[in-house]
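In: Starting from these lines, generate the structure:
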Amino acid sequence: MAERRALGIELMQARRLLATISNNVNQIARHANAGDEFPEDAAAAVAAARRVADRMYELVEELGR
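Out: Numbers count the residues shown, from 1 in each chain. Got it, this is the predicted structure:
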């Protein structure tokens, strides 16, 4: 039971992190759509979002066991 609770807590933390990263990606997209140069950190922000999303899927799978 304690392990499931810890996984749930980690999942909620990952969700908050993904929301923050998604906001950053949206800001990067707005900047790029405004006609400015594409920011160098855009690829890193998208990669971070993918890592967090992958971890969230892992946590959901672990909760289902």
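In: tally of neighbours for M56?
Out: 18 (other CB atoms under 10 Å). Heads up, the C-betas are built off the backbone N, CA and C, glycines and all.
In: ah, wrong one, I meant G35
Out: If we define neighbours as other CB under 10 Å, then G35 has 6 of them.
In: now the strands for the chain?
Out: Counting by DSSP state E, no segments of the chain form strands.
In: Spatially central residue (nearest the centroid) of it, please.
Out: L18 (2.7 Å; CA atoms, centre = their mean).
In: Now it: closest residue in space, sequence neighbours ignored.
Out: Nearest in space to L18, with sequence neighbours left out and distances taken as CB to CB, 6 or more residues apart in numbering, is V52 at 4.6 Å.
In: before we move on, back to that, now that the residue nearest to the centre of the chain has come up, it's in contact with A49, right?
Out: Yes: contact status for L18 versus A49: in contact at 6.4 Å, counting by CB atoms under 8 Å.
In: quick one, phi/psi of D41?
Out: phi -80, psi 0 (degrees, to the nearest 10).
In: Show the contacting residues for it.
Out: I28 (CB atoms under 8 Å, 6 or more residues apart in numbering).
In: how close does it sit to A48?
Out: Distance from D41 to A48, counting by CB to CB, to the nearest Å: 10 Å.
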